[in-house]
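Visitor: Quick one, what's the 3D model for this:
(chains A and B)
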There are 2 protein chains.
Amino acid sequence: MTNAFFPTEKLLLGPGPSNVSPRVLAALGMPPLGHLDPDFIELMEEVKVLLRQVFGTQNEVTFPVSGTGSAGMEFTLVNWIEPGDRVLVAINGVFGTRLANLADRLGAQTTRLEFPWGDVIDKNQLAQKAEDIKPKIICVVNGETSTGVYQPMDGLAEIAHDNGALLLADCVTSLGGMPVNLDAWGVDLAYSGTQKCLSCPPGLAPVSVSPRAVEVFHQRKTPVPSFYLDLGEILKYVGTGQKRAYHHTAPVNMIFGLHAALCEVMEEGIPARIERHRQAAARLITKVLPLGFEPVVKAENRLYPLTTLRLPEGADEAALRVRLLHEHRVEVGGGLGPFAGTVWRCGLMGVNATIRNADTLASCIADVL
Amino acid sequence: MTNAFFPTEKLLLGPGPSNVSPRVLAALGMPPLGHLDPDFIELMEEVKVLLRQVFGTQNEVTFPVSGTGSAGMEFTLVNWIEPGDRVLVAINGVFGTRLANLADRLGAQTTRLEFPWGDVIDKNQLAQKAEDIKPKIICVVNGETSTGVYQPMDGLAEIAHDNGALLLADCVTSLGGMPVNLDAWGVDLAYSGTQKCLSCPPGLAPVSVSPRAVEVFHQRKTPVPSFYLDLGEILKYVGTGQKRAYHHTAPVNMIFGLHAALCEVMEEGIPARIERHRQAAARLITKVLPLGFEPVVKAENRLYPLTTLRLPEGADEAALRVRLLHEHRVEVGGGLGPFAGTVWRCGLMGVNATIRNADTLASCIADVL
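Guide: Numbers count the residues shown, from 1 in each chain, chains lettered A, B, ... in the order given. Have a look, this model is predicted:
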């Protein structure tokens, strides 16, 4: 048993976590405060304001769930699904699949509408299915972390709301690196993670809930089958304009880190940040095409923060990834599901979304090929 | 909106979080690694070994849940309760109440066996009730964070196992500051938090599961109504002796911090650490008695890390706590439930469990009285 752990720093160019700035690291290492301390409550209020800005929303109920992105997903379903509720999930990757799995676990009548991995979903099919089944929730993935697809959101709220459904969006890999405008899109339930384009370590899941969804929550007839994620209980702690009551002990140091990360996002400005992600991804693709790598996703559907690349015919992807990590201290992600063994997931996210990193990754790949 | 947040350091002598050492703060601020990085996997293995040592167990399934203590509680119930299962909860404070509330939410037939707050539970009554209802799980709170009671655990496993039940113990405020010996006690399901006697910030929930409980888990007939906390899914990531698969993105920096904190625990040695907690609590009581404060809990039942004190007649506890915080930067906790308004919860936990802090707290209290 060694007692000291000082790992070599690595360049994290996979699907997340991404690297974080010295400012965020310093914030993580500040002495903790009590979770009901007035200074901490004020900080949490600032975090909520900043999260509304990055989510593009006025939603009062916008805060970080005390868990990783998957806990955020769970928060947005467990509070709104009651046994027997109909849920429609558009699936074109791992995270749609996971949403449907979770809906099943919560007793929903889940309808899966499947589309090819690497494609966006077909809105006409979604509209038709929504009319047929009149679901309570329609789930889509705005940034599919398994495929690198960015789902356009226009028209989806009409499909949901015209059929009496709430619209749910997975924004894990889009928030802070792609346009996210919950209010303009009419999204009712959204979740994300901190370890992607926000460049904060993993451990928190920013979520946002529309007033319409809050109303639907209050119409529940059965208790939420979770205490930790129960919106009603959580609001006693993070709700605005009331005395804070103990619900759980907020992960204070992670909140310090998230606050610093969100400040960096807003100082850069969201349009500039998105443009930086766009340029980095474009540069990477330009540099790896001559090496025999092909982007999986059509140009107009690409999620800038995460580029999926099909490897050259015959390349041993696992062996090459190990060499990248061991010889160059560069991490990229393997493919999942139908992409396992043939596709890499290359993230240029948050502070890592630079021309320098795009060039570095391309030259390291060239070296190990 | 201010962008810089550098709060004044405070002495956290409430029910947690406690202060943490510079070594833990430095660990939290190390550059993140990928959650599937070989260095990180190795670190997670060390954390599991260290947690087994502090829990006093050989349980293979011992690891930190990616959430705060309440997520740990939820983990130990959501994986074992199926609708209609009988659960017996001994209640003598907030956390027994919460366990019962959660069991209800999960569809259990919950039996509440209530004892006075500030007392230990009566084993004969528990045995009688267990025989009557033959529950699947018996829940007790080893360290009641709301009352400062340390529950002796001898004889409880016999009651549980003789009646075919699993024994569950809340060790949130006992782990690392009081004797915790899961194997000797025969505990099947245990959870804790990192922000108490382990002196790591909040955000992780160490849990441990006996082989018997793993077996019972595998006999489930219905899916676990959570994906995030599903033991079967989590084992694909934290299980020993197999290829790690993605389940969720572990909060890597929090794990860095926990590793450092656990190393400090083991370097000090658990018996020495418990003795330090004992001495600090005893000193505090000696010093505040002359100020008119009375310990709530009988000497033989006290949880050293958390001392509950009844304030002198007529004292305005809320105003005094605000003065302690503002004038002395010292945080103590108010009472909960029947103790609200008349009792303080004073934590001398982890690195804070010192004679110096006991004396400091007593002199600050004397100053504001």
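Visitor: can we go C-alpha only for contacts and neighbour counts from here?
Guide: Noted.
Visitor: Just the residues contacting stretch A:285-300, thanks.
Guide: A:118-119, A:147-149, A:307-312, A:358-359, A:362, A:366 (C-alpha atoms under 8 Å, 6 or more residues apart in numbering or on different chains).
Visitor: could you redo the last one with a cut-off of 10 Å?
Guide: Outside of stretch A:285-300, the residues within contact range by C-alpha atoms under 10 Å, 6 or more residues apart in numbering or on different chains are A:117-120, A:147-150, A:152, A:280-282, A:302-303, A:307-313, A:339, A:343-345, A:358-363, A:365-366, A:369.
Visitor: separation between residue A:163 and chain B?
Guide: To chain B, residue A:163 is 27 Å away according to C-alpha to the nearest C-alpha, to the nearest Å.
Visitor: if we can go back for a sec, counting only strands, which of the contacts of stretch A:285-300 make the cut?
Guide: Assignment to strands by DSSP state E places the following of the contacts of stretch A:285-300 there: A:149, A:150, A:307, A:308, A:309, A:310, A:343, A:344, A:345.
Visitor: Now the buried members of the contacts of stretch A:285-300.
Guide: Among the contacts of stretch A:285-300, those classed as buried by neighbour count (16 or more other C-alpha atoms under 10 Å in any protein chain shown) are A:117-120, A:147-150, A:152, A:280-282, A:302-303, A:307-312, A:339, A:343-345, A:358-362, A:365.
Visitor: which stretches of chain A aren't confidently modelled?
Guide: Low-confidence regions of chain A, defined by pLDDT under 70, span residues A:1-2, A:240-242.
Visitor: which residue is nearest the centroid of it?
Guide: Taking C-alpha atoms, centre = their mean as the criterion, residue A:172 is the residue nearest the geometric centre of chain A, at 0.5 Å.
Visitor: how many other residues sit next to the residue lying closest to it once chain neighbours are set aside?
Guide: Spatially, and ignoring its direct neighbours in sequence, residue A:172 is nearest to residue A:192 (3.8 Å; C-alpha to C-alpha, 6 or more residues apart in numbering or on different chains). Residues within reach of residue A:192, counting by other C-alpha atoms under 10 Å in any protein chain shown, total 31.
Visitor: Could I get the contacting residues of residue A:192?
Guide: With contact taken as C-alpha under 10 Å, 6+ apart, residue A:192 is in contact with A:55, A:64-65, A:68-73, A:143, A:169-176, A:198, A:204-208.
Visitor: my guess is residue A:368 meets residue A:318, correct?
Guide: No: under the criterion of C-alpha atoms under 10 Å, residue A:368 is not in contact with residue A:318, lying 11.9 Å apart.
Visitor: How about the residues of the stretch 251-369 of chain A by chain B?
Guide: A:251-254, A:256-257, A:259-260, A:262-264, A:266-267, A:322, A:325, A:331-333, A:336 (C-alpha under 10 Å from any C-alpha of the partner chain).
Visitor: Show me just the buried residues among these.
Guide: Listed as buried from those are A:251-254, A:256-257, A:259-260, A:262-264, A:266, A:322, A:325, A:331-333, A:336; burial here means 16+ other C-alpha under 10 Å.
Visitor: Give the full set of residues in contact with the nearest residue to residue A:176 once chain neighbours are set aside.
Guide: Spatially, and ignoring its direct neighbours in sequence, residue A:176 is nearest to residue A:197 (5.1 Å; C-alpha to C-alpha, 6+ apart). Applying C-alpha under 10 Å, 6+ apart, we find residue A:197 in contact with A:16-20, A:172-178, A:261, A:265, A:273-274, A:277, A:305-306, A:347-353.
Visitor: please redo it, this time with the cut-off set to 6 Å
Guide: Shown here is residue A:197, whose contacts under the criterion C-alpha atoms under 6 Å, 6 or more residues apart in numbering or on different chains are A:176, A:177, A:349, A:350.
Visitor: Max pairwise distance over these: which two?
Guide: A:176 and A:349 (8.9 Å; C-alpha to C-alpha).
Visitor: So between the two, which is more surrounded?
Guide: When residue A:176 and residue A:349 are compared for neighbours, residue A:349 comes out ahead with 35 against 30, by other C-alpha under 10 Å.
Visitor: about what we covered before: can you flag the buried ones in the contacts of residue A:192?
Guide: When those are checked for burial by 16+ other C-alpha under 10 Å, the buried set is A:55, A:64-65, A:68-73, A:143, A:169-176, A:198, A:204-208.
Visitor: and these, which of them are in strands?
Guide: For these, membership in strands holds for A:64, A:65, A:143, A:169, A:170, A:205, A:206, A:207, A:208, with DSSP E as the criterion.
Visitor: Can you add distance to chain B and give these back as a markdown table?
Guide: Formatted as a markdown table, these follow (distance: C-alpha to the nearest C-alpha, whole Å):
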| residue | distance to chain B |
| --- | --- |
| A:64 | 12 |
| A:65 | 9 |
| A:143 | 16 |
| A:169 | 18 |
| A:170 | 15 |
| A:205 | 11 |
| A:206 | 14 |
| A:207 | 16 |
| A:208 | 19 |
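Visitor: Leaving out chain neighbours, which residue sits closest to residue A:227?
Guide: Leaving aside its sequence neighbours, residue A:227 sits nearest to residue B:102 (C-alpha to C-alpha, 6+ apart; 6.1 Å).
Visitor: One more: residue A:244?
Guide: Using C-alpha to C-alpha, 6+ apart and skipping the chain neighbours, the partner closest in space to residue A:244 is residue A:237 (4.9 Å).
Visitor: Would you confirm that that neighbour contacts residue A:249?
Guide: No: with contacts defined as C-alpha atoms under 6 Å, residue A:237 does not count as touching residue A:249, sitting 9.6 Å away.
Visitor: Alongside chain B, which residues does the stretch 1-150 of chain A contribute?
Guide: Where the stretch 1-150 of chain A comes near chain B, counting by C-alpha under 6 Å from any C-alpha of the partner chain, the residues are A:3, A:17, A:25, A:26, A:28, A:29, A:34, A:67, A:105, A:106.
Visitor: how about a cut-off of 7 Å?
Guide: Contact residues, the stretch 1-150 of chain A versus chain B (C-alpha under 7 Å from any C-alpha of the partner chain): A:3, A:9-10, A:12, A:17, A:19, A:25-26, A:28-34, A:46, A:66-68, A:70-71, A:102, A:105-106.
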